[in-house]
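Enquirer: model this:
(one chain, ligands or ions: 2)
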Amino acid sequence: MSKETSYIGKVLDTVIKRNHAESEFHQAVKEVLETLEPVIKKHPEFENAGILERIVEPERQIIFRVPWQDDKGKVQVNRAFRIQFNSALGPYKGGLRFHPSVYSGIVKFLGFEQIFKNSLTGLMMGGGKGGADFDPKGKSDSEVMRFCQSFMTELYRHIGADTDVPAGDIGVGGREVGYMFGQWKRITKLFSGVLTGKGLDFAGSLVRTEATGYGCVYFCEEMLKARNTSFGGKTVVISGSGNVAIYAHQKATELGAKVVAMSDSGGFIYDDRGVDLDTVKRLKEVERKRIKEYVTEHKSAKYTEGCLGIWGVKCDVALPSATQNELDKNAAETLVKNGCIAVAEGANMPSTPSAVNVFLKNKVSFGPGKAANAGGVATSGLEMAQNSQRLAWTFEKVDRKLHQIMVDIHSSAMAASEEYGVPGNLVAGSNIAGFIKVAKAMMAQGVV
Ligand code: NDP
Ligand code: 2IT
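Expert: Residues are numbered from 1 along each chain as shown. Ligands and ions are numbered 1, 2, ... in the order given. Below you'll find the model as predicted:
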């Protein structure tokens, strides 16, 4: 084993020991560190400065109790987290996830990914993430509001427009951000850009709602351009039917593609005439119903129980946009067999490591989440900029900036992949380009 490998190996061992049984965090760290060997070779000063040891250890972790009363008057208790991972490039920035599966391993993996993603955007943002094991599904608006208020009654001590700026993620959308912002404002007497993804009437940014899905498609468009093709006439499969999936569908369709399948945690729909987005938006955004209801309105469409089956639908482009590890090796092999040429991750870490290997080996263009889904947080950064200026930019202006950021991320990841001897490998290229900026900032800021 080379010296570089053993440095990386040692850091990985420590991560596994220190963060016992947090498999998603181990997976995310391993995926990044494995690609950094050529960087450590070129920059031996990083080892002496303990850059890797520091970058895998969150600067601060906050875990707190969230008690709230349900509609029957019964007190419920959830566990909540905010991980302030790395502030080398700016205030901690990253979403909040409300889902029963949330525990420290999930929040840490997401916070770790966020460091490099935020670095790739070129904006002034460090990495953070948070959430709670609260399930908004089946809860009334009042229950969600009481939960959000109790959650913020503790979180407010730790956040601020220049300290830590949360936003949405799974289970946290405009409704939840609104309730949290209201409670934060009430406690602090301030009105500032402490959260992003706010409503358009109270200092939210145009395009933030659409940004992750649009950004993912803009990024994929660059991947397709590099193969001398485009979205025009392509058949697309998108997993999930939440915020990211819906707006990925909208943009891909606008660019001439046909989206034939979407899903939720229950199963997937297939509609060979193209999934009707208005129906999905109404079912998911307004009525908060299950995707299987789609087939009662669209008789020619078919619903299948279980999420994994969606990868069996023949397509040219796949945009996994639901959750981590939702696309495994078998699914990847099926996609390859069916002629899929590009996969761009709308979700965070949706493809398992062996699925990624299948894509890379078979020359499928593969855009990892930390690059392909960076449009959401990038537009959050644009929301912060507008809030600081006390201005609101037009839809066209924000969209143009988002588009340019996605194009730039693609080209810097490509450039890094070439410079470090893995041309075209966007996994390595994104990790390297994101990491180097953070590492250099950490070196310049001393041992902190
Ligand atoms: P939403 O809550 O809006 O939607 C999530 C979608 O994924 C739903 O369709 C949901 O189905 C499905 N899903 C969630 N958990 C599971 C699961 N365990 N198995 C199968 N399906 C599941 O979240 P977003 O669209 O915001 O987030 C989707 C992904 O994108 C996440 O990985 C998130 O981290 C990532 N992301 C989000 C960004 C944003 O700006 N919102 C930015 C960058 C990345 P169901 O309704 O049945 O639960
Ligand atoms: O994973 C992500 O990048 C997000 N959920 C968005 C974070 C943000 O601060 O907008």
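
Enquirer: Point out the residues in the stretch 251-400 of the chain that sit beside ligand 1.
Expert: Within the stretch 251-400 of the chain, the positions near ligand 1 by Cβ under 6 Å from any ligand atom are 264-266, 307, 321-323, 326, 346-348, 373, 376. Backbone N, C-alpha and C define where each C-beta goes, glycine included.

Enquirer: For these, work out which two are farthest apart.
Expert: 266 and 376 (24.4 Å; Cβ to Cβ).

Enquirer: Looking at the two, which one has more neighbours?
Expert: Using other Cβ atoms under 10 Å, the more surrounded residue of residue 266 and residue 376 is residue 376, with 30 against 13.

Enquirer: gap between the closest residue in space to the more buried one that isn't next to it in sequence and residue 242?
Expert: Nearest non-adjacent residue to residue 376, counting by Cβ to Cβ, 6 or more residues apart in numbering: residue 212, 3.4 Å away. According to Cβ to Cβ, to the nearest Å, residue 212 and residue 242 sit 10 Å apart.

Enquirer: now swap in residue 39 and tell me
Expert: Applying Cβ to Cβ to residue 39 and residue 242 gives a distance of 35 Å.

Enquirer: what do you get for residue 43?
Expert: In terms of Cβ to Cβ, residue 43 sits 39 Å off from residue 242.

Enquirer: of these two, who's got more company?
Expert: residue 242 (23 against 16).

Enquirer: Next up, phi/psi of the more buried one, please.
Expert: phi -100, psi -160 (degrees, to the nearest 10).

Enquirer: ok, it - contacts?
Expert: Residues near residue 242 by Cβ atoms under 8 Å, 6 or more residues apart in numbering: 170, 264, 284, 321, 322.

Enquirer: By proximity to ligand 1, which residue of the chain wins?
Expert: residue 242 (1.8 Å; Cβ to the nearest ligand atom).

Enquirer: per-residue confidence at that residue?
Expert: You'll see residue 242 listed with a pLDDT of 98.

Enquirer: Show me what residue 304 is bridged to.
Expert: residue 268 (DSSP bridges).

Enquirer: how about the residues of the stretch 51-200 of the chain near ligand 2?
Expert: Residues of the stretch 51-200 of the chain lying near ligand 2 (Cβ under 6 Å from any ligand atom): 93, 94, 95, 114, 117, 167, 169, 196.

Enquirer: isn't the fifth one right up against residue 373?
Expert: Yes. Counting by Cβ atoms under 8 Å, residue 117 touches residue 373, with 7.5 Å between them.

Enquirer: Just give me the longest strand of the protein.
Expert: strand 75-86 (DSSP state E).

Enquirer: which parts of the host helix or strand of the residue nearest to residue 376 are buried?
Expert: Element membership of residue 212, judged by DSSP states H and E, is helix 208-225. For helix 208-225, a neighbour-count test (16 or more other Cβ atoms under 10 Å) marks 208-224 as buried.

Enquirer: Does ligand 1 have contacts with it?
Expert: Yes. Residues of helix 208-225 contacting ligand 1 under Cβ under 6 Å from any ligand atom: residue 212.

Enquirer: how close does residue 194 sit to ligand 2?
Expert: Per Cβ to the nearest ligand atom, to the nearest Å, residue 194 is found 12 Å from ligand 2.

Enquirer: when you give positions from now on, start the count at 54
Expert: Yep, numbering from 54; the last one is residue 247 now.

Enquirer: Helix, strand, or coil at the spatially most central residue of the chain?
Expert: Central residue of the chain (Cα atoms, centre = their mean): residue 401, 4.4 Å from the mean position. For residue 401, the assignment made with DSSP: H, G, I helix; E, B strand; the rest coil gives coil.

Enquirer: quick one: contacts for the closest residue to it other than its chain neighbours?
Expert: Leaving aside its chain neighbours, residue 401 sits nearest to residue 422 (4.8 Å; criterion: Cβ to Cβ, 6+ apart). The contact partners of residue 422, by Cβ under 8 Å, 6+ apart, come to 166, 170, 398, 399, 400, 401, 402, 403.
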